[in-house]
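>>> Okay, here's the prediction I keep looking at, along with the sequence it came from:
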Amino acid sequence: MIDPCSLESSPLLSIDDALEKIKTAIQPVMASERVVLKNALGRVLSEDVASPINIPYDRNSSMDGYALSSKDINCRQPFTLSLVGASWAGKPYQGAVQAGQCVRIFTGAVLPDETDSVVIQEQVSADRENILFPANTAAYQHIREAGEDIKQGSLVCTRLKKLTAADIGLLASAGIYDVPVRRKLNIAFFSTGDELMGIGQQPESGKIYDSNRYALAALLADPCYSVVDMGAIPDDRQLLEDSIKQAANYNDVIITTGGASVGDADYVKDILAGCGVVNFWKIAIKPGKPLAFGKIGACYFFGLPGNPVSVIVTFQQIVAPALKQLSGATANKPLRLLATCTTALKKDPGRQEFQRGILTQDTNGNFFVGSTGQQSAHILSSMSQSNCYIILPAECKGVSSGEKVLVEPFSGFL
Ligand code: AMP
Ligand code: MG
């Protein structure tokens, strides 16, 4: 079969070049808003946040036991101290602790000022008010110092961090009620194609269910994005142009699927050229070659291919990093690792391929990957069964079983 790409004269842009062009073109949103902490997961912090307090706030015990002063410890021999009270988590001991005295203490309870050591309860024997400590009792154990996690005034989280569950917990431990975050991106998306029908409709010959819109909506489920699903739009040039122009007025980003190639009903690139600027529209990636990137006024535009696997691959490899940059977050490169390929892989030289693979790890930590089977861009089950991409460089001419390949794990493996 002749690859239509080979008929095109202009060289395709490599993925790295495409990502570089996008990086140069995108200006992150700068506006910010305050959100309460419980709504801040996944949002991008717009300013550094310092702690108003020491964390922990007090010097406290990390174990259940007895608090005492190191001055009272007789290292070589057993010794006895008299019990004068208890310090509970939430109910500190109120009195003073004199020489020869100790206090019952529980995990998280404040250490009385005069004490600096905790001996765990399993090591002592109690005879009413007399607590017997064994020989070789160690001083300064089981203490959490005030500020040993975060000192008052030092940073809890740095700006441009996309907040994780741990960050939310940490900010809460500093008593921070709300945080400044970059505003959400407004993203509109729609499918194109005369053949598309909604998933409530009866199947009929010549029609297909519009799966891309569902996959895209799922891919766009991120607290930083406010998305508008514009539905499926037929292959009508005027209708498409009107929809794109209108969406560009109200959104930061438009994402379309289908109609981005060179067929007679593929209008997306021409519309973008007519009402905006085309930055590029073909990249050396498989699946997913026809991918238009540009701008209409202040709105960025991504015209993705129609084939369902191409949509997911190009979204994850090209659009997702772009959206992350636009949202203000620091974009990290995806985790990639080497694995031994357990199946032979077919590949023609020319484009970087993202084949779908199943990654496993043996008990020694060695990685193995096998193909999911058929790799055509319409075989969406290959995407669903996979837990990683097998990334084959443009010049690669195929892989034999036993060779090492580069893989990018994603959901289901990580
Ligand atoms: P196109 O890029 O418009 O030529 O579409 C390429 C292939 O993807 C064709 O087989 C389309 O029927 C299919 N396709 C396009 N849009 C969708 C969609 N929203 N859901 C599922 N398949 C689609
Ligand atoms: Mg189409």
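Structure received. Numbering: from 1, shown residues only. Ligands and ions are numbered 1, 2, ... in the order given.

>>> from here on, contacts and neighbour counts on C-alpha atoms
Will do.

>>> And the helices in the protein, which stretches?
15-25, 165-173, 211-219, 237-250, 268-275, 308-314, 320-327, 380-385 (DSSP state H).

>>> Could you save these as JSON lines and add columns showing mean pLDDT?
Shown next, in JSON lines, are those (pLDDT from 0 to 100):
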{"stretch": "helix 15-25", "mean pLDDT": "96"}
{"stretch": "helix 165-173", "mean pLDDT": "98"}
{"stretch": "helix 211-219", "mean pLDDT": "98"}
{"stretch": "helix 237-250", "mean pLDDT": "97"}
{"stretch": "helix 268-275", "mean pLDDT": "95"}
{"stretch": "helix 308-314", "mean pLDDT": "97"}
{"stretch": "helix 320-327", "mean pLDDT": "97"}
{"stretch": "helix 380-385", "mean pLDDT": "96"}
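
>>> Quickly compare the ones you listed and say which is most buried.
Sort the helices of the chain by mean neighbour count, taking mean count of other CA atoms under 10 Å, and helix 308-314 sits at the top with a mean of 25.

>>> Close to ligand 2: what parts of this protein are there?
Residues of the chain lying near ligand 2 by CA under 5 Å from the ion: 193, 258-259.

>>> Can you say which of the helices of the chain is nearest to L291?
Minimum separation from L291 across the helices of the chain (CA to CA) falls at helix 308-314, 7.8 Å.

>>> Who are the contact partners of F410?
Going by CA atoms under 8 Å, 6 or more residues apart in numbering, F410 touches 387-389.

>>> do Q77 as well
134-136.

>>> I'd guessed A331 sits against A320; true?
No - when contacts are counted by CA atoms under 8 Å, A331 is not listed as touching A320 (9.5 Å).

>>> Show me the strands in the stretch 101-250 of the chain, by range?
For the stretch 101-250 of the chain, the strands defined by DSSP state E, counting those that start in this stretch occupy 101-105, 117-120, 125-127, 130-133, 143-144, 155-157, 178-182, 185-192, 196-197, 208-209, 225-233.

>>> Mind putting the ones you listed into JSON lines with mean neighbour count and mean pLDDT?
Compiled in JSON lines, those are given as follows (neighbours: other CA atoms under 10 Å; pLDDT from 0 to 100):
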{"stretch": "strand 101-105", "mean neighbour count": "25", "mean pLDDT": "98"}
{"stretch": "strand 117-120", "mean neighbour count": "24", "mean pLDDT": "98"}
{"stretch": "strand 125-127", "mean neighbour count": "13", "mean pLDDT": "95"}
{"stretch": "strand 130-133", "mean neighbour count": "18", "mean pLDDT": "98"}
{"stretch": "strand 143-144", "mean neighbour count": "21", "mean pLDDT": "98"}
{"stretch": "strand 155-157", "mean neighbour count": "18", "mean pLDDT": "98"}
{"stretch": "strand 178-182", "mean neighbour count": "22", "mean pLDDT": "98"}
{"stretch": "strand 185-192", "mean neighbour count": "23", "mean pLDDT": "98"}
{"stretch": "strand 196-197", "mean neighbour count": "18", "mean pLDDT": "98"}
{"stretch": "strand 208-209", "mean neighbour count": "16", "mean pLDDT": "98"}
{"stretch": "strand 225-233", "mean neighbour count": "16", "mean pLDDT": "98"}
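
>>> Would you convert those into JSON lines that also reports distance to G65?
Converted to JSON lines, these look like this (distance: least, CA to CA, whole Å):
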{"stretch": "strand 101-105", "distance to G65": "5"}
{"stretch": "strand 117-120", "distance to G65": "4"}
{"stretch": "strand 125-127", "distance to G65": "11"}
{"stretch": "strand 130-133", "distance to G65": "11"}
{"stretch": "strand 143-144", "distance to G65": "11"}
{"stretch": "strand 155-157", "distance to G65": "31"}
{"stretch": "strand 178-182", "distance to G65": "37"}
{"stretch": "strand 185-192", "distance to G65": "52"}
{"stretch": "strand 196-197", "distance to G65": "68"}
{"stretch": "strand 208-209", "distance to G65": "65"}
{"stretch": "strand 225-233", "distance to G65": "50"}
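
>>> Which of these sits closest to I271?
Per CA to CA, nearest to I271 of those: strand 185-192, 13.0 Å.
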